[in-house]
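**Q** Everything below, folded, please.
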Amino acid sequence: LAFCRGRVVRVPKGPLIRVMGTEVVIPCNVSDYDGPSEQNFDWEFSRETDFVRIVSTWDSTFTSEEYQKRVGHGDIKLRRSSNDAVELVIRNIQPTDQGRYKCSTPSTDATVQGNYDAEVQVKVISDGLSVSGSKARSSVSLRLSEGDSFKLRCSAITTSPEHTHLHVTWQIKGGSTWRDILSLTHEGKFHPGPGYEERYRNGDIRLDTGANDTYRLSVSQASSVDGGVYRCLVSEWVRGADSSWQKIQEKSVEIASVAIQRTDVVISTSNVSVTERDSLDLTCNITTDRSGIFQAEVLWYFSTSPDDTLSDAQVLLSVDRDSVVSDSTLISLSHVDRNSYRLLVREVDVEDSGYYFCQAAVWVPLHNGSWHKVVERTSAPVSVVVTALEPDYEVFLNASKTPKFSDDPTELNCRITNAQDTEANIRFTVSWYYRQRLRSDDVVTEELLATMDADWTLLLGDRSRERTQNGEIIFSKKTADIFSLRIQWTSESDRGDYFCVISAWSRHRNNSWVKSKDVTSASVSVFWATQDYTLTVEAVKLKPFFVAGHTFEMTCKVSSKNIKTPRYSVLITAEKPLTDQSNPNGTTRIISLNQDSVVRLEDWTDQTRVDGVVLEKVQENEFRYRMYQTQISDAGLYRCVVTAWSPGGGGMWREAVNGLSNPIQIDFQTSGPVFNVSVHSDNPTIYQGELADLLCIVTMEGMALEPDDMSFDVSWFAVRSFALDREPVLLASLDRRGIVMQSRRNGSSDLSLERISPLEFRLRVHGCEDHDFGNHYCVVTPWVRSATGVWQREPDIKAKPIFLSVKMDVLNAFKYPLLIGIGLATVIGLLSCLIGYCSSRWCCKKEVQETRRERRRLMSMEMD
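**A** This next block holds a predicted model:
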C-alpha cells in the first residue's frame, strides 16, 4: 500500500448536463500530496483533441487569448473552497462551452506518483422549462375572509431532450423573505414547509396535479398568516453518472396576492363600574366582512382574574348557531343584530366584580347541508367593578358602670347611631378590643377580646376565652343597636383602653353575607387609682414569766390599709434551736386558721399533745394562740404569719398582702442534767450469718436523777453507704413505755432491741447479711420528770455513727459445694468403669481362631 500511494486529482463523474444560460460550477480537489498545504490548479478546455488553457490559480498569464475577455469580465473564474480544492465557475454557459474540461495540479512531490490531472465531460442542452400562472402572466389579487378556502394554480412543462424531473414548490412572501408552504419533489414526494406540517396532516393544505401539467395549491381554513404574495417555484433536476440528482435550473412565477380579512370579537364597552343592585349591560360584537350565509355561536365567560384560561373561567350563558339560549334567572342573552349579542345581568352585587369576556365561533354551510366552523375568537376581558352600597352610621361607646376598686363590675355599651340606608339586607355585628395603657410612648397593639361573624356567632380571643367560659366576662346584645361588654369582677390587669368595631354585612343573591363596612368607636378608659396594700402584725405575750408545764399564751393584732373588706388567715410558726434534730430547717409550722375561720394542725406531730395547741379568733383583727403543758423542747421563737384576703370574682377570695409579726421567745431556765449519747460495738467487723451487737450508751452530767425520774425514746438508724451521702433508714425504735417497733425488712436477717440497763440499749442483728453493712447510729429523746410530777421532753440527741462491716466466710461458703462435687465425680467415675467392663465382657466379645504355627528354634549364624 505504501508503494501504491500517490497524488490523486478528482472531478465529478461525467457527463455533466447543464442548461444553456445558467451558471455552471465544476469542483476539483487533490489529495495524498507532498509539499505545501495550499495547492495550485490549472483548468483547460477541449472540444475535439487539443486543450485550450482557461484559468490558473498561480499564473496570471496562463489564460489563452480566446478566454482572456471572459476571464477579465468575471464570466469565468476560480473560487477556492479550501487549500486543496477549487471550483470552476462559468456564468451564462453556451453551447460552445460544451466539451471536456481538465483540472491539473503542478507537482510539489519529491517523486512523481499518482495522477496530476482529471477530466470531465460537460453537455449543454437548450432551455425547455416554462412556468406560468393559470390565466395570465400577471398575478391576481384575492380578498378573503378568515376561515375561507382558496385554490391557486401553476403550470410547469419542460421540453428538454434529456430525461429530467421537475421539483415544484409553493411559497408565500409575508414580509421580505419567501417561506416554503408545500413541495412536490423531483422524486415524487410531498414535503410541507416549516410551520405547515400540522395543517398538511389535517388536510387544510394540499397540492394536487392536474391536466396540462398544472399544479394546484388548496388552502382551507385560511387565517391571517395565510395573507401575502404566493409564487410557484419550479426547478429541473437530472440524474448524474454517479446516480445522484443534480439541479440544473430553477424558475419561478408570482401567482396571486391574497389578503385575509380577520374576524374579531370585541366587547363594545371598556372597563365598567356599576353600583350594587343595578343592571350590567355588555355587548359582544363580531367584526367580519363575510357576506354569505353564516351563523355565530357565542359563549359569555366570567373570571376573577384576567389571566385565567377558559377551563378556569365560569360559563354564564351561551347561544348556539340555532339561536338556542341556555336558561338563567338573573342573566339574559339576546341577539341584537346579525353580529351583536347582548348580555344583561340584573341586580348585580359585589360578587359579580371581575372580568367578562365572550367567545364567538362562525359557522358556514357546506354543499352537503352540514355546517362547518371556520373561525373561533375570544375577546379581551373587560373589567367590571361593582360598588357596594355602604350603609351610613356612627358608633358611640360609653361606660354604664366603672370600677372604683379592684373586683368591682365594669359594663360598656357600644351603640349604633344615625343609621341610614339600612334595609333588611343589612346586618350589624360587633368586635371588642382591648389596648393596654403604658406610661411611656411605646406602641401597644390591640388585643381582640371577642368578635361576631355574619350569623352572630361569638368568636373569643385568647385574652378573654377562659374568663368568658367561666362567666367572668359577658358579651351580649341588648337591643338591635346596642352591644354590651360586662366584666363581673374587674382586676388590675383589666385596666386599659377599650373600643368596639361595628361591621355592616350585606346579603347577596345566594343568601350569603359579605362584610361591606367597618366603623370604629372612640376608646373608653377603664382605670382607678390604686395604693399599695399595707399590713401590720403585732405579737404580745400575755404571761411574761412561766415555767415548764404551764400554759404559753400570746395574741396577734392585725391592722391593714387600702384593702377592701379584708379577712385574715393566721399561721403560727416556731423557730427551734439548731440543736433540735426533729426539724433541721429550724422553722416549724404549728397551727393555722384560714380566712373562713377553719383551724388546721400543720407540722404538730406530738400525738400525746394533739389538743395541746389552740388558735382562735378573738376579734376581726385579733387572734390568740395557747400551748398547754409546755415542754423544754418547745423553747424557741414564735411568730404570727398573717395573710390579708380581699373578695374576688365569683365569691372567691384573692390574696392581697402578707405580714410577719415580731418574735415571742420561750426560754426555760433550768439546772437539770445534760445527756450525751454514744454507740459502741465490741466487734464491728463480722462474717455473714453471725450476730452483731450494737450498744447505745447514754451518759449524764450535772445533777443526778433517780432512774424512775427519767426515761428515754431510742431509735436506731442505718445509712447504707461508706459515706453519709444517703437517706437514713429506720431500723427499730423503743419508746419510754418499752414498746418496740421494727420497720419492714427485705432480707432474712432479724433485729432485736432491748434495754439492758437504765442508760444502755442494745440492738442485735441476727444472721447478718451483706446488705446489713453501713453506718449505724441511735437518736435518743430524754424525758425528765419535774418536781411537780410533769414529764418534760428534752431535745433529741444523735450519736456519732459506727460503721458495721459484713464479710463473707470463704471456707464455709465453699465447703458444701466442694463435698457435693467430689461425691458426684466419684459416683460418675465408678458408674463409667462399670459400664465399660460390662460392655467389654458381654456386648463386644469376638471369637478369634488363630492358626497353629510350628515352633522352631532359630538357628545360630555360626551353624549356618
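**Q** Please identify the helix or strand for Leu834.
**A** For Leu834, the enclosing helix or strand under DSSP states H and E is helix 810-838.
**Q** and that helix, what does it pack onto?
**A** Applying 3 or more Cβ pairs under 8 Å, 6 or more residues apart in numbering; DSSP states H and E, we find helix 810-838 packed against no helix or strand. Any C-beta I mention is one placed from the backbone N, CA and C, and that applies to glycine too.
**Q** Would you pull up how far that helix lies from the middle of the chain?
**A** On the basis of Cα atoms, centre = their mean, to the nearest Å, helix 810-838 is displaced by 75 Å from the centre of the chain it belongs to.
**Q** So for that helix, mean pLDDT?
**A** Averaging the model's pLDDT scores along helix 810-838 yields 86.
**Q** Report the distance from stretch 24-36 to the chain centre.
**A** Going by Cα atoms, centre = their mean, where stretch 24-36 is centred and where its chain is centred differ by 71 Å.
**Q** the domain parsing of the protein - what is it?
**A** Per the TED database, the structural domains of the chain span 7-125, 129-261, 265-387, 394-526, 534-666, 674-807.
**Q** could I get those domains as JSON lines with mean pLDDT?
**A** As requested, the domains of the chain are arranged in JSON lines below (pLDDT from 0 to 100):
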{"stretch": "domain 7-125", "mean pLDDT": "89"}
{"stretch": "domain 129-261", "mean pLDDT": "88"}
{"stretch": "domain 265-387", "mean pLDDT": "81"}
{"stretch": "domain 394-526", "mean pLDDT": "85"}
{"stretch": "domain 534-666", "mean pLDDT": "83"}
{"stretch": "domain 674-807", "mean pLDDT": "86"}
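**Q** for the spatially closest residue to Asp682 that is not a sequence neighbour, what are its contacts?
**A** Taking Cβ to Cβ, 6 or more residues apart in numbering as the measure, Asp682 lies nearest to Asp693, with 6.6 Å between them; neighbours along the chain are not counted. With contact taken as Cβ atoms under 8 Å, 6 or more residues apart in numbering, Asp693 is in contact with 681-683, 762-764.
**Q** Quick one: the strands in the stretch 301-450 of the chain, in order.
**A** Secondary structure of the stretch 301-450 of the chain by DSSP state E, counting those that start in this stretch: the strands cover 314-319, 331-337, 340-345, 354-365, 371-378, 382-387, 392-401, 410-420, 426-435, 447-452.
**Q** closest one to Gly829 among the ones you listed?
**A** Closest to Gly829 of the strands of the stretch 301-450 of the chain is strand 447-452 (Cβ to Cβ; 94.4 Å).
**Q** Identify each buried residue in that closest one, please.
**A** Of the residues in strand 447-452, 448-452 count as buried by neighbour count, 16 or more other Cβ atoms under 10 Å.
**Q** any chance you could map the helices in the chain?
**A** Across the chain, reading from the start of the chain, the helices by DSSP state H fall at 65-72, 197-202, 465-469, 810-838.
**Q** For these, could you give me JSON lines that also reports distance to Ser749 and mean neighbour count?
**A** Supplementary listing: the helices of the chain in JSON lines, determined by distance: least, Cβ to Cβ, whole Å; neighbours: other Cβ atoms under 10 Å:
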{"stretch": "helix 65-72", "distance to Ser749": "136", "mean neighbour count": "13"}
{"stretch": "helix 197-202", "distance to Ser749": "103", "mean neighbour count": "13"}
{"stretch": "helix 465-469", "distance to Ser749": "58", "mean neighbour count": "14"}
{"stretch": "helix 810-838", "distance to Ser749": "17", "mean neighbour count": "10"}
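**Q** Just put those helices in JSON lines and tack on distance to Val740.
**A** Putting the helices of the chain into JSON lines (distance: least, Cβ to Cβ, whole Å) gives the following:
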{"stretch": "helix 65-72", "distance to Val740": "146"}
{"stretch": "helix 197-202", "distance to Val740": "111"}
{"stretch": "helix 465-469", "distance to Val740": "56"}
{"stretch": "helix 810-838", "distance to Val740": "31"}
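**Q** Go through the chain and flag its longest strand.
**A** For the chain, the longest strand by residue count, based on DSSP state E, is strand 245-261.
**Q** Run through the neighbouring helices and strands of that one.
**A** In terms of contact count using 3+ Cβ pairs under 8 Å, 6+ apart, strand 245-261 is assigned the packing partners strand 16-19, strand 129-133, strand 140-145, strand 150-158, strand 164-173, strand 228-239.
**Q** Let me see the contact set for the nearest residue to Ser464 once chain neighbours are set aside.
**A** Beyond its immediate neighbours in the sequence, the residue positioned closest to Ser464 (Cβ to Cβ, 6+ apart) is Leu449, lying 4.5 Å away. By Cβ under 8 Å, 6+ apart, the residues touching Leu449 are 432-434, 460-461, 463-464, 473, 475, 485.
**Q** how about the strands in the stretch 701-850 of the chain?
**A** 710-719, 729-734, 740-742, 750-757, 760-766, 774-785, 791-793, 797-798, 802-807.
**Q** Out of the strands of the stretch 301-450 of the chain, flag the one nearest Val610.
**A** Each of the strands of the stretch 301-450 of the chain was scored for nearness to Val610 using Cβ to Cβ, and the closest is strand 410-420 (49.0 Å).
**Q** what packs against that closest one?
**A** For strand 410-420, the elements it packs on are strand 392-401, strand 426-435, strand 482-487, strand 496-507, judged by 3+ Cβ pairs under 8 Å, 6+ apart.
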